[in-house]
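In: prediction below, plus the sequence it came from.
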Amino acid sequence: MRILFVASECVPFAKAGGLGDVVGALPKALLARGHDVRVLLPKYGFIPAHEMWRHSAPLGVPMGSGEAWCAVWESHLPGSKVPVYFLEHDALFGGPDIYEGEGSLRGAARFGLLSRGAFQLCRALSWIPDVIHVHDWPSAWVPVMLNGVEAQSEFKGTATVLTIHNMAHQPKFPTEALEMLHIGKDELREDSLEDFGHLNPFKGGLYHATMLTTVSPRYAYEIRTPDGGAGLHQAMDMRGADLVGILNGIDDDIWDPATDRYLPAHFSSRDLSGKASCKDWLQREMGLQVRPDVPLFGVVSRLTDQKGLDVVVQVIDRLLDLDAQLVVLGSGDRALEATLRSRDGWEDGRFAAVIGYNEALAHQIEAGADLFLMPSRFEPCGLNQLYSQRYGTLPIVRAVGGLDDTVEQFDPAHGRGTGFKLWNLTPDSLVATCAWAVETYRHHPAAFREMQRRAMTKPMGWDVSARGYEDVYAWALTRRRGS
Ligand code: ADP
(Lines give C-alpha, C1' and ligand atoms only; values in the text may rest on other atoms or scores of the structure.)
Protein backbone atom coordinates (compact mmCIF):
# COMPACT_ATOMS: atom_id res chain seq x y z
CA MET A 1 0.00 0.00 0.00
CA ARG A 2 1.14 3.57 -0.62
CA ILE A 3 0.69 5.61 2.53
CA LEU A 4 1.47 9.28 3.07
CA PHE A 5 1.71 10.65 6.61
CA VAL A 6 1.01 14.38 6.84
CA ALA A 7 1.84 15.80 10.24
CA SER A 8 3.02 18.76 12.28
CA GLU A 9 5.53 16.74 14.32
CA CYS A 10 7.86 13.83 13.73
CA VAL A 11 10.72 12.62 15.91
CA PRO A 12 13.60 13.43 15.62
CA PHE A 13 12.88 16.54 13.52
CA ALA A 14 10.11 18.24 15.49
CA LYS A 15 8.37 17.15 18.65
CA ALA A 16 6.05 18.74 21.18
CA GLY A 17 4.47 15.55 22.52
CA GLY A 18 3.41 12.00 21.81
CA LEU A 19 2.14 12.79 18.28
CA GLY A 20 5.77 13.34 17.23
CA ASP A 21 6.81 9.98 18.68
CA VAL A 22 4.07 8.18 16.78
CA VAL A 23 4.79 9.82 13.41
CA GLY A 24 8.50 9.08 13.89
CA ALA A 25 7.92 5.40 14.63
CA LEU A 26 4.79 3.97 12.98
CA PRO A 27 6.00 4.58 9.39
CA LYS A 28 9.10 2.50 10.10
CA ALA A 29 6.98 -0.40 11.34
CA LEU A 30 4.76 -0.12 8.24
CA LEU A 31 7.77 -0.05 5.94
CA ALA A 32 9.05 -3.19 7.63
CA ARG A 33 5.71 -4.79 6.75
CA GLY A 34 6.23 -4.04 3.08
CA HIS A 35 4.39 -0.76 2.55
CA ASP A 36 5.57 2.24 0.56
CA VAL A 37 5.24 4.84 3.29
CA ARG A 38 6.39 8.46 3.28
CA VAL A 39 6.08 11.43 5.61
CA LEU A 40 5.43 15.13 4.95
CA LEU A 41 6.30 17.82 7.50
CA PRO A 42 6.80 21.59 7.49
CA LYS A 43 10.41 22.69 7.51
CA TYR A 44 10.36 24.74 10.70
CA GLY A 45 13.08 27.32 11.29
CA PHE A 46 14.76 25.10 13.87
CA ILE A 47 15.19 22.06 11.60
CA PRO A 48 18.75 22.09 10.28
CA ALA A 49 19.30 21.30 6.61
CA HIS A 50 22.13 18.87 7.16
CA GLU A 51 21.67 15.32 5.93
CA MET A 52 18.86 16.43 3.67
CA TRP A 53 18.77 17.48 0.05
CA ARG A 54 16.71 20.05 -1.75
CA HIS A 55 14.57 19.14 -4.76
CA SER A 56 15.54 21.20 -7.77
CA ALA A 57 12.00 22.30 -8.64
CA PRO A 58 10.00 24.48 -6.23
CA LEU A 59 6.46 23.47 -5.44
CA GLY A 60 3.56 25.81 -6.16
CA VAL A 61 0.64 25.36 -3.77
CA PRO A 62 -2.66 27.05 -4.74
CA MET A 63 -3.60 29.57 -2.06
CA GLY A 64 -5.99 32.47 -2.35
CA SER A 65 -5.87 33.93 -5.84
CA GLY A 66 -2.34 32.71 -6.53
CA GLU A 67 0.19 30.14 -5.46
CA ALA A 68 2.46 29.88 -2.45
CA TRP A 69 5.89 28.74 -3.56
CA CYS A 70 7.74 26.31 -1.37
CA ALA A 71 11.06 24.53 -1.50
CA VAL A 72 10.91 20.77 -0.94
CA TRP A 73 13.63 19.12 1.12
CA GLU A 74 14.05 15.41 1.55
CA SER A 75 15.59 13.21 4.21
CA HIS A 76 14.58 9.93 5.81
CA LEU A 77 13.65 8.61 9.23
CA PRO A 78 16.87 7.70 11.04
CA GLY A 79 17.65 4.02 10.93
CA SER A 80 15.23 3.38 8.07
CA LYS A 81 14.52 4.16 4.46
CA VAL A 82 11.22 5.98 5.08
CA PRO A 83 11.45 9.21 3.01
CA VAL A 84 10.57 12.41 4.84
CA TYR A 85 9.68 15.49 2.79
CA PHE A 86 9.81 18.96 4.26
CA LEU A 87 7.86 21.89 2.91
CA GLU A 88 9.86 25.07 3.29
CA HIS A 89 8.07 28.42 3.38
CA ASP A 90 10.00 30.92 5.46
CA ALA A 91 7.18 33.36 6.10
CA LEU A 92 4.90 30.64 7.50
CA PHE A 93 7.23 28.00 8.92
CA GLY A 94 10.54 29.82 9.39
CA GLY A 95 9.89 30.68 13.05
CA PRO A 96 10.96 28.80 16.17
CA ASP A 97 7.54 27.41 17.16
CA ILE A 98 5.67 24.40 15.82
CA TYR A 99 2.31 25.82 16.85
CA GLU A 100 2.20 29.56 16.33
CA GLY A 101 -0.58 31.76 15.09
CA GLU A 102 -3.35 29.52 16.37
CA GLY A 103 -6.66 31.28 15.93
CA SER A 104 -5.41 33.67 13.25
CA LEU A 105 -5.74 33.67 9.49
CA ARG A 106 -1.99 33.18 9.30
CA GLY A 107 -2.33 30.14 11.56
CA ALA A 108 -4.87 28.68 9.14
CA ALA A 109 -2.51 29.42 6.24
CA ARG A 110 0.34 27.49 7.90
CA PHE A 111 -1.17 24.01 8.15
CA GLY A 112 -3.59 24.76 5.32
CA LEU A 113 -0.51 25.15 3.13
CA LEU A 114 0.93 21.90 4.43
CA SER A 115 -2.33 20.07 3.77
CA ARG A 116 -2.86 21.38 0.25
CA GLY A 117 0.87 20.98 -0.34
CA ALA A 118 0.48 17.25 0.33
CA PHE A 119 -1.59 16.87 -2.85
CA GLN A 120 0.77 19.03 -4.90
CA LEU A 121 3.81 17.13 -3.68
CA CYS A 122 2.29 13.78 -4.62
CA ARG A 123 1.52 15.14 -8.09
CA ALA A 124 5.07 16.41 -8.46
CA LEU A 125 6.40 12.99 -7.43
CA SER A 126 3.87 11.18 -9.67
CA TRP A 127 3.10 9.14 -6.58
CA ILE A 128 -0.58 8.94 -5.66
CA PRO A 129 -1.07 7.37 -2.25
CA ASP A 130 -3.78 4.83 -1.43
CA VAL A 131 -4.14 6.37 2.00
CA ILE A 132 -3.30 9.76 3.45
CA HIS A 133 -2.87 9.41 7.19
CA VAL A 134 -3.36 12.70 9.05
CA HIS A 135 -2.83 13.58 12.70
CA ASP A 136 -4.94 15.86 14.89
CA TRP A 137 -6.16 19.28 13.81
CA PRO A 138 -3.12 20.53 11.84
CA SER A 139 -3.50 18.07 8.97
CA ALA A 140 -7.25 17.53 9.47
CA TRP A 141 -7.68 20.02 6.59
CA VAL A 142 -6.61 17.20 4.23
CA PRO A 143 -9.85 15.11 4.36
CA VAL A 144 -11.90 18.29 3.91
CA MET A 145 -9.86 19.26 0.85
CA LEU A 146 -9.95 15.75 -0.54
CA ASN A 147 -13.74 15.72 -0.47
CA GLY A 148 -13.87 19.26 -1.86
CA VAL A 149 -11.37 20.83 -4.19
CA GLU A 150 -9.66 17.47 -4.90
CA ALA A 151 -12.85 15.40 -5.17
CA GLN A 152 -12.58 14.79 -8.90
CA SER A 153 -8.80 14.73 -9.16
CA GLU A 154 -6.42 11.79 -9.39
CA PHE A 155 -6.93 11.45 -5.61
CA LYS A 156 -10.53 10.35 -5.86
CA GLY A 157 -9.59 6.77 -4.99
CA THR A 158 -7.41 7.89 -2.07
CA ALA A 159 -8.77 7.25 1.42
CA THR A 160 -8.01 9.34 4.50
CA VAL A 161 -7.42 8.18 8.05
CA LEU A 162 -7.45 10.77 10.84
CA THR A 163 -5.73 9.76 14.05
CA ILE A 164 -6.89 11.59 17.15
CA HIS A 165 -3.95 12.04 19.49
CA ASN A 166 -5.68 14.54 21.73
CA MET A 167 -9.21 15.94 21.44
CA ALA A 168 -8.38 18.81 23.77
CA HIS A 169 -6.44 20.85 21.21
CA GLN A 170 -8.99 22.42 18.89
CA PRO A 171 -7.91 25.85 17.69
CA LYS A 172 -10.55 27.77 15.75
CA PHE A 173 -9.86 30.00 12.77
CA PRO A 174 -11.63 32.90 11.05
CA THR A 175 -14.03 31.94 8.29
CA GLU A 176 -12.06 34.04 5.75
CA ALA A 177 -9.67 31.09 5.65
CA LEU A 178 -12.21 29.17 3.54
CA GLU A 179 -11.53 31.25 0.46
CA MET A 180 -7.79 31.25 1.00
CA LEU A 181 -7.76 27.44 1.25
CA HIS A 182 -10.24 26.91 -1.61
CA ILE A 183 -12.75 25.23 0.66
CA GLY A 184 -16.39 25.74 -0.37
CA LYS A 185 -18.62 27.99 1.77
CA ASP A 186 -20.97 25.04 2.13
CA GLU A 187 -18.47 23.49 4.52
CA LEU A 188 -19.45 26.18 6.99
CA ARG A 189 -22.10 23.93 8.44
CA GLU A 190 -22.55 22.15 11.70
CA ASP A 191 -21.61 18.72 10.38
CA SER A 192 -18.33 19.98 8.96
CA LEU A 193 -16.00 22.86 9.83
CA GLU A 194 -18.43 25.25 11.51
CA ASP A 195 -17.97 25.75 15.24
CA PHE A 196 -19.75 28.72 16.82
CA GLY A 197 -19.08 30.93 13.82
CA HIS A 198 -15.49 29.86 13.39
CA LEU A 199 -13.65 27.13 11.52
CA ASN A 200 -12.62 24.10 13.50
CA PRO A 201 -10.39 21.94 11.27
CA PHE A 202 -10.50 19.06 13.75
CA LYS A 203 -14.27 18.96 13.47
CA GLY A 204 -14.13 19.12 9.66
CA GLY A 205 -11.65 16.26 9.65
CA LEU A 206 -13.85 14.17 11.93
CA TYR A 207 -16.72 14.41 9.50
CA HIS A 208 -14.70 14.05 6.29
CA ALA A 209 -12.04 11.43 7.03
CA THR A 210 -12.80 7.98 5.64
CA MET A 211 -11.84 6.32 8.93
CA LEU A 212 -10.91 7.57 12.36
CA THR A 213 -8.53 6.11 14.85
CA THR A 214 -7.42 7.12 18.28
CA VAL A 215 -4.54 5.98 20.40
CA SER A 216 -6.21 3.64 22.88
CA PRO A 217 -9.44 1.63 23.04
CA ARG A 218 -10.44 3.28 26.30
CA TYR A 219 -10.00 6.79 24.90
CA ALA A 220 -12.04 5.74 21.86
CA TYR A 221 -14.87 5.13 24.30
CA GLU A 222 -14.24 8.24 26.42
CA ILE A 223 -14.34 10.70 23.51
CA ARG A 224 -17.86 9.57 22.69
CA THR A 225 -19.03 10.80 26.09
CA PRO A 226 -19.77 14.41 27.11
CA ASP A 227 -16.92 14.31 29.64
CA GLY A 228 -14.25 13.18 27.20
CA GLY A 229 -15.36 14.56 23.85
CA ALA A 230 -14.15 18.15 24.34
CA GLY A 231 -17.37 19.47 22.79
CA LEU A 232 -17.34 17.03 19.88
CA HIS A 233 -18.77 13.94 21.56
CA GLN A 234 -21.86 14.00 19.35
CA ALA A 235 -19.74 14.07 16.21
CA MET A 236 -17.61 11.30 17.65
CA ASP A 237 -20.61 9.25 18.57
CA MET A 238 -22.12 9.69 15.12
CA ARG A 239 -18.93 8.34 13.60
CA GLY A 240 -18.48 5.76 16.33
CA ALA A 241 -18.68 2.83 13.90
CA ASP A 242 -15.70 4.23 11.98
CA LEU A 243 -13.58 4.87 15.05
CA VAL A 244 -10.93 2.37 16.16
CA GLY A 245 -8.66 2.57 19.20
CA ILE A 246 -5.11 1.35 18.55
CA LEU A 247 -2.49 1.62 21.27
CA ASN A 248 0.76 3.40 20.58
CA GLY A 249 3.96 1.40 20.76
CA ILE A 250 7.53 2.10 21.75
CA ASP A 251 10.27 2.89 19.24
CA ASP A 252 12.92 0.34 20.25
CA ASP A 253 15.61 2.26 18.40
CA ILE A 254 15.20 5.12 20.85
CA TRP A 255 13.71 3.67 24.04
CA ASP A 256 15.61 0.54 25.04
CA PRO A 257 17.53 0.55 28.35
CA ALA A 258 20.04 -1.91 26.89
CA THR A 259 21.16 0.50 24.16
CA ASP A 260 19.83 3.98 25.06
CA ARG A 261 22.53 6.46 24.05
CA TYR A 262 21.60 8.95 26.77
CA LEU A 263 22.18 6.61 29.72
CA PRO A 264 25.30 6.49 31.86
CA ALA A 265 24.84 2.69 32.23
CA HIS A 266 22.76 0.06 30.46
CA PHE A 267 20.53 -2.68 31.82
CA SER A 268 17.91 -5.25 30.99
CA SER A 269 15.21 -7.23 32.78
CA ARG A 270 17.77 -9.95 33.52
CA ASP A 271 20.33 -7.64 35.10
CA LEU A 272 19.27 -4.44 36.80
CA SER A 273 22.71 -3.44 38.11
CA GLY A 274 22.97 -0.78 35.40
CA LYS A 275 19.68 0.68 36.64
CA ALA A 276 21.21 1.16 40.09
CA SER A 277 24.09 3.06 38.43
CA CYS A 278 21.57 5.22 36.55
CA LYS A 279 19.86 6.04 39.85
CA ASP A 280 23.16 6.93 41.50
CA TRP A 281 24.07 9.13 38.52
CA LEU A 282 20.67 10.83 38.50
CA GLN A 283 20.77 11.57 42.23
CA ARG A 284 24.23 13.16 41.88
CA GLU A 285 23.30 15.10 38.75
CA MET A 286 20.11 16.45 40.35
CA GLY A 287 21.72 17.34 43.67
CA LEU A 288 19.69 14.72 45.54
CA GLN A 289 20.99 12.71 48.48
CA VAL A 290 22.82 9.75 47.01
CA ARG A 291 20.99 6.88 48.65
CA PRO A 292 20.34 3.59 46.84
CA ASP A 293 17.68 2.55 49.39
CA VAL A 294 15.35 5.56 49.02
CA PRO A 295 12.43 5.26 46.57
CA LEU A 296 12.86 7.85 43.84
CA PHE A 297 9.74 9.16 42.04
CA GLY A 298 10.17 10.62 38.57
CA VAL A 299 7.95 12.92 36.47
CA VAL A 300 8.53 13.89 32.84
CA SER A 301 5.64 15.86 31.48
CA ARG A 302 4.14 18.84 29.84
CA LEU A 303 2.92 20.94 32.73
CA THR A 304 -0.72 21.29 31.79
CA ASP A 305 -4.01 20.81 33.51
CA GLN A 306 -4.38 17.50 31.65
CA LYS A 307 -1.46 15.88 33.44
CA GLY A 308 -2.72 16.38 37.01
CA LEU A 309 0.59 17.81 38.19
CA ASP A 310 -1.16 20.52 40.16
CA VAL A 311 -2.20 17.72 42.51
CA VAL A 312 1.35 16.36 42.64
CA VAL A 313 2.57 19.83 43.59
CA GLN A 314 0.00 19.97 46.41
CA VAL A 315 1.33 16.77 47.94
CA ILE A 316 5.10 17.16 47.51
CA ASP A 317 5.64 17.39 51.27
CA ARG A 318 3.51 14.35 51.97
CA LEU A 319 5.40 12.33 49.34
CA LEU A 320 8.78 13.35 50.70
CA ASP A 321 7.55 12.44 54.20
CA LEU A 322 7.34 8.84 52.99
CA ASP A 323 11.15 9.09 53.03
CA ALA A 324 11.14 9.31 49.28
CA GLN A 325 12.68 11.58 46.64
CA LEU A 326 11.04 13.32 43.70
CA VAL A 327 12.54 14.63 40.48
CA VAL A 328 10.38 16.57 38.00
CA LEU A 329 11.20 17.54 34.41
CA GLY A 330 8.62 19.61 32.61
CA SER A 331 7.53 22.84 31.06
CA GLY A 332 4.26 24.57 30.30
CA ASP A 333 1.99 26.23 32.83
CA ARG A 334 3.84 29.29 34.16
CA ALA A 335 2.42 29.10 37.70
CA LEU A 336 3.34 25.42 38.06
CA GLU A 337 6.80 26.12 36.64
CA ALA A 338 7.29 28.90 39.19
CA THR A 339 6.16 26.73 42.12
CA LEU A 340 8.39 23.85 41.11
CA ARG A 341 11.34 26.11 40.48
CA SER A 342 10.95 27.80 43.84
CA ARG A 343 11.20 24.47 45.64
CA ASP A 344 14.08 23.04 43.61
CA GLY A 345 16.97 22.13 45.92
CA TRP A 346 15.14 23.26 49.08
CA GLU A 347 14.10 19.96 50.47
CA ASP A 348 17.35 18.76 51.84
CA GLY A 349 18.36 16.93 48.69
CA ARG A 350 15.01 15.16 48.37
CA PHE A 351 13.39 17.19 45.60
CA ALA A 352 14.67 18.50 42.27
CA ALA A 353 12.89 20.23 39.40
CA VAL A 354 14.20 21.03 35.96
CA ILE A 355 12.02 23.39 33.96
CA GLY A 356 12.38 23.01 30.22
CA TYR A 357 12.42 20.44 27.50
CA ASN A 358 15.36 18.06 27.77
CA GLU A 359 15.37 14.87 25.74
CA ALA A 360 18.45 13.37 27.42
CA LEU A 361 17.20 14.03 30.94
CA ALA A 362 13.81 12.50 30.06
CA HIS A 363 15.61 9.22 29.28
CA GLN A 364 17.81 9.50 32.36
CA ILE A 365 14.80 10.00 34.66
CA GLU A 366 12.96 7.06 33.09
CA ALA A 367 16.02 4.92 33.80
CA GLY A 368 17.14 6.26 37.17
CA ALA A 369 13.82 6.55 39.00
CA ASP A 370 12.09 3.65 40.77
CA LEU A 371 8.53 4.90 40.30
CA PHE A 372 6.96 7.15 37.69
CA LEU A 373 4.08 9.51 38.46
CA MET A 374 1.42 10.16 35.82
CA PRO A 375 -1.92 11.00 37.45
CA SER A 376 -3.52 12.50 34.32
CA ARG A 377 -7.05 13.91 34.28
CA PHE A 378 -7.36 12.36 30.84
CA GLU A 379 -4.79 10.60 28.69
CA PRO A 380 -5.41 9.54 25.09
CA CYS A 381 -2.60 6.96 25.22
CA GLY A 382 0.40 8.30 27.06
CA LEU A 383 3.91 7.24 26.21
CA ASN A 384 5.82 7.92 29.37
CA GLN A 385 4.07 5.14 31.27
CA LEU A 386 5.11 2.78 28.46
CA TYR A 387 8.71 3.98 28.56
CA SER A 388 8.80 3.75 32.33
CA GLN A 389 7.57 0.15 32.24
CA ARG A 390 10.21 -0.72 29.64
CA TYR A 391 12.83 0.86 31.97
CA GLY A 392 11.60 -1.00 35.08
CA THR A 393 10.30 2.24 36.64
CA LEU A 394 6.87 1.24 37.84
CA PRO A 395 4.17 3.74 36.87
CA ILE A 396 1.64 5.23 39.27
CA VAL A 397 -1.21 6.30 37.02
CA ARG A 398 -4.80 7.40 37.09
CA ALA A 399 -7.03 4.74 35.51
CA VAL A 400 -8.10 6.77 32.46
CA GLY A 401 -7.65 6.44 28.71
CA GLY A 402 -4.50 4.71 27.57
CA LEU A 403 -3.12 4.66 31.10
CA ASP A 404 -5.87 2.27 32.11
CA ASP A 405 -5.29 0.15 28.99
CA THR A 406 -1.53 -0.15 29.35
CA VAL A 407 -0.88 -0.45 33.07
CA GLU A 408 -2.01 -3.52 34.96
CA GLN A 409 -2.86 -2.97 38.61
CA PHE A 410 -0.53 -4.60 41.15
CA ASP A 411 -2.23 -7.69 42.49
CA PRO A 412 0.03 -9.39 45.02
CA ALA A 413 -2.42 -12.23 45.66
CA HIS A 414 -2.20 -13.40 42.05
CA GLY A 415 1.33 -12.24 41.26
CA ARG A 416 0.12 -9.81 38.63
CA GLY A 417 0.53 -6.17 37.72
CA THR A 418 2.97 -3.70 36.21
CA GLY A 419 2.11 -0.58 38.21
CA PHE A 420 -0.24 1.14 40.62
CA LYS A 421 -3.53 2.78 39.70
CA LEU A 422 -5.72 5.36 41.35
CA TRP A 423 -9.21 6.40 40.31
CA ASN A 424 -9.96 9.71 42.02
CA LEU A 425 -7.57 12.53 41.39
CA THR A 426 -7.49 13.85 44.94
CA PRO A 427 -4.44 14.57 47.10
CA ASP A 428 -5.41 11.80 49.55
CA SER A 429 -5.89 9.21 46.89
CA LEU A 430 -2.60 10.11 45.18
CA VAL A 431 -0.66 9.97 48.44
CA ALA A 432 -2.31 6.66 49.43
CA THR A 433 -1.34 5.08 46.11
CA CYS A 434 2.21 6.41 46.35
CA ALA A 435 2.42 5.10 49.92
CA TRP A 436 1.33 1.66 48.69
CA ALA A 437 4.06 1.75 46.03
CA VAL A 438 6.69 2.87 48.56
CA GLU A 439 5.61 0.16 50.98
CA THR A 440 5.96 -2.44 48.22
CA TYR A 441 9.36 -1.07 47.22
CA ARG A 442 10.65 -1.10 50.78
CA HIS A 443 9.04 -4.14 52.37
CA HIS A 444 8.32 -6.48 49.47
CA PRO A 445 11.40 -6.17 47.29
CA ALA A 446 10.87 -9.55 45.64
CA ALA A 447 7.34 -8.61 44.54
CA PHE A 448 8.62 -5.24 43.33
CA ARG A 449 11.43 -6.90 41.39
CA GLU A 450 8.99 -9.36 39.84
CA MET A 451 6.73 -6.50 38.78
CA GLN A 452 9.69 -4.75 37.18
CA ARG A 453 10.46 -7.91 35.23
CA ARG A 454 6.86 -8.19 34.03
CA ALA A 455 6.78 -4.53 33.04
CA MET A 456 10.09 -4.66 31.21
CA THR A 457 9.31 -7.77 29.20
CA LYS A 458 5.78 -6.80 28.21
CA PRO A 459 5.50 -6.60 24.40
CA MET A 460 5.09 -2.93 23.52
CA GLY A 461 6.70 -2.66 20.09
CA TRP A 462 5.09 -0.96 17.10
CA ASP A 463 4.68 -4.19 15.11
CA VAL A 464 1.36 -5.11 16.77
CA SER A 465 -0.07 -1.62 16.35
CA ALA A 466 1.14 -1.47 12.74
CA ARG A 467 -1.04 -4.49 11.98
CA GLY A 468 -4.01 -2.68 13.51
CA TYR A 469 -3.38 0.32 11.24
CA GLU A 470 -3.07 -1.97 8.21
CA ASP A 471 -6.57 -3.24 8.89
CA VAL A 472 -7.89 0.30 9.20
CA TYR A 473 -6.23 1.33 5.93
CA ALA A 474 -7.77 -1.68 4.20
CA TRP A 475 -11.27 -0.83 5.55
CA ALA A 476 -10.82 2.80 4.56
CA LEU A 477 -9.85 1.80 1.02
CA THR A 478 -12.80 -0.55 0.70
CA ARG A 479 -15.10 2.18 1.84
CA ARG A 480 -13.58 4.78 -0.44
CA ARG A 481 -13.44 2.65 -3.54
CA GLY A 482 -16.52 0.61 -2.84
CA SER A 483 -14.84 -2.72 -3.34
P1 ADP B 1 1.68 14.16 25.56
O2 ADP B 1 1.76 13.82 24.11
O3 ADP B 1 0.30 14.44 26.05
O4 ADP B 1 2.63 15.24 25.98
P5 ADP B 1 2.79 11.52 26.02
O6 ADP B 1 3.12 10.78 27.27
O7 ADP B 1 1.99 10.80 25.00
O8 ADP B 1 2.12 12.89 26.43
O9 ADP B 1 4.15 11.91 25.31
C10 ADP B 1 5.01 12.84 25.85
C11 ADP B 1 6.33 12.74 25.16
O12 ADP B 1 7.03 13.97 25.33
C13 ADP B 1 7.22 11.67 25.74
O14 ADP B 1 8.09 11.17 24.76
C15 ADP B 1 8.00 12.45 26.81
O16 ADP B 1 9.22 11.84 27.13
C17 ADP B 1 8.18 13.77 26.14
N18 ADP B 1 8.30 14.91 27.04
C19 ADP B 1 7.32 15.58 27.69
N20 ADP B 1 7.82 16.61 28.39
C21 ADP B 1 9.14 16.59 28.19
C22 ADP B 1 10.23 17.42 28.65
N23 ADP B 1 10.03 18.45 29.45
N24 ADP B 1 11.48 17.11 28.24
C25 ADP B 1 11.69 16.04 27.41
N26 ADP B 1 10.72 15.23 26.95
C27 ADP B 1 9.47 15.50 27.33
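Out: Structure received.
In: isn't residue 255 up against residue 388?
Out: No - using C-beta atoms under 8 Å, residue 255 makes no contact with residue 388, being 10.0 Å away. Bear in mind the C-beta positions are built from the backbone N, C-alpha and C, glycine included.
In: looking at these two, which one has more neighbours?
Out: residue 388 (30 against 21; other C-beta atoms under 10 Å).
In: follow-up on the earlier one: residues shared between the contacts of residue 255 and residue 388?
Out: residue 366 (C-beta atoms under 8 Å, 6 or more residues apart in numbering).
In: name the nearest residue to residue 187, ignoring sequence neighbours.
Out: Distance criterion C-beta to C-beta, 6 or more residues apart in numbering; nearest residue to residue 187, sequence neighbours excluded, is residue 193 at 4.9 Å.
In: over to residue 460?
Out: Going by C-beta to C-beta, 6+ apart, residue 460 has residue 250 as its nearest residue, at 4.7 Å.
In: again, but for residue 333
Out: In space, residue 333 is closest to residue 303, 4.5 Å off (C-beta to C-beta, 6+ apart).
In: ok, that neighbour - contacts?
Out: 309, 330, 331, 332, 333, 336, 337, 340.
In: same list, those, but only the ones touching the ligand.
Out: Checking these against the ligand by C-beta under 6 Å from any ligand atom, the ones in range are 330, 331.
In: how about the secondary structure of residue 480?
Out: For residue 480, the assignment made with DSSP: H, G, I helix; E, B strand; the rest coil gives helix.
In: just checking, it touches residue 155?
Out: No - applying C-beta under 8 Å, one finds residue 480 not in contact with residue 155, separated by 10.1 Å.
In: same list (the contacts of residue 303) but as CSV, adding pLDDT and secondary structure.
Out: Below are those laid out as CSV (pLDDT from 0 to 100; DSSP: H, G, I helix; E, B strand; the rest coil):
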residue, pLDDT, secondary structure
309, 97, helix
330, 97, strand
331, 95, strand
332, 95, strand
333, 96, coil
336, 96, helix
337, 97, helix
340, 95, helix
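In: could you dump the contacts of residue 303 to TSV with neighbour count?
Out: Putting these into TSV (neighbours: other C-beta atoms under 10 Å) gives the following:
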residue	neighbour count
309	25
330	23
331	17
332	16
333	17
336	23
337	16
340	25
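In: closest one to residue 95 out of the contacts of residue 303, please.
Out: Among the contacts of residue 303, residue 331 lies closest to residue 95 (C-beta to C-beta), at 18.2 Å.
In: the residue nearest to residue 187: how many residues sit nearby?
Out: Quick note: residue 193 (other C-beta under 10 Å) scores 27 neighbours.
In: beyond the longest strand seen in the chain, next helix or strand please.
Out: Longest strand of the chain, by residue count under DSSP state E: strand 66-76. Downstream of strand 66-76, the first helix or strand assigned by DSSP states H and E is strand 83-88.
In: check which element follows that next one along the chain.
Out: Counting by DSSP H and E, what follows strand 83-88 is helix 90-93.
In: can you pull out the helices in the stretch 151-300 of the chain?
Out: 177-180, 201-208, 217-222, 233-238, 273-285 (DSSP state H, counting those that start in this stretch).
In: closest to the ligand out of these?
Out: Closest to the ligand of those, according to C-beta to the nearest ligand atom: helix 217-222, at 11.2 Å.
In: so which bits of the protein are right by the ligand?
Out: 17-18, 21, 300-302, 329-331, 357-359, 362, 381-384.
In: out of the residues you listed, which are buried?
Out: 17-18, 21, 300-301, 329-331, 358, 362, 381-384 (16 or more other C-beta atoms under 10 Å).
In: among the residues you listed, which ones are in helices?
Out: 18, 21, 362, 384 (DSSP state H).
In: with pLDDT added, can I get those residues in JSON lines?
Out: JSON lines is the format used below for these (pLDDT from 0 to 100):
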{"residue": "18", "pLDDT": "90"}
{"residue": "21", "pLDDT": "93"}
{"residue": "362", "pLDDT": "98"}
{"residue": "384", "pLDDT": "96"}
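In: which of those lies closest to the ligand?
Out: Nearest to the ligand, judged by C-beta to the nearest ligand atom, of those is residue 18 at 2.5 Å.
In: excluding its backbone neighbours, what's nearest the closest one?
Out: Looking at residue 18 with C-beta to C-beta, 6+ apart, the closest residue is residue 383, at 4.8 Å.
In: give me the nearest residue to the closest residue to the ligand within the stretch 101-250 of the chain, chain neighbours excluded.
Out: As assessed by C-beta to the nearest ligand atom, the ligand sits closest to residue 166 within the stretch 101-250 of the chain, at 6.1 Å. Excluding the flanking residues, the one nearest residue 166 by C-beta to C-beta, 6+ apart is residue 380, at 5.2 Å.
In: check whether that neighbour really touches residue 169, as I assumed.
Out: No - with contact defined as C-beta under 8 Å, residue 380 does not reach residue 169; the gap is 10.6 Å.
In: comparing those two, which residue is more hemmed in?
Out: Relative neighbour count places residue 380 above the other of residue 380 and residue 169, with 31 against 17, counting by other C-beta under 10 Å.
In: tell me the contacts of that one?
Out: Counting by C-beta under 8 Å, 6+ apart, residue 380 has contacts 18, 164, 165, 166, 167, 214, 215, 216, 219, 401, 402.
In: and what of residue 405?
Out: Residue 405 touches 216, 217, 218, 247, 381, counting by C-beta under 8 Å, 6+ apart.
In: just curious, which of the ones in helices among the buried ones among the residues of the chain next to the ligand is nearest to residue 423?
Out: residue 384 (19.6 Å).
In: residues contacting that closest one?
Out: 300, 301, 366, 372, 374, 395.
In: state the distance from it to residue 366.
Out: Distance, residue 384 to residue 366, by C-beta to C-beta, to the nearest Å: 7 Å.
In: what do those two both touch?
Out: Common neighbours of residue 384 and residue 366 (C-beta under 8 Å, 6+ apart) are 300, 372.
In: quick one: residue 210 from residue 134, how far?
Out: Distance from residue 210 to residue 134, by C-beta to C-beta: 11 Å.
In: which neighbours do the two share?
Out: 143, 160, 161.
In: out of those, who has the most neighbours?
Out: Highest count within the shared contacts of residue 210 and residue 134 by other C-beta under 10 Å belongs to residue 160, 28 neighbours.
In: so, low pLDDT: which residues of the chain?
Out: 483 (pLDDT under 70).
In: per-domain residue ranges of it.
Out: For the chain, automatic domain parsing gives the domain ranges 2-249+462-481, 273-456.
In: for stretch 371-383, the distance to its chain's centre please.
Out: Distance of stretch 371-383 from the chain centroid (C-alpha atoms, centre = their mean, to the nearest Å) equals 12 Å.
In: beta-bridge partners for the closest residue to residue 58 other than its chain neighbours, please?
Out: Ranked by C-beta to C-beta, 6+ apart and with sequence neighbours excluded, the top spatial neighbour of residue 58 is residue 69, at 5.0 Å. Bridge pairing for residue 69 (DSSP bridges) gives the partners residue 60.
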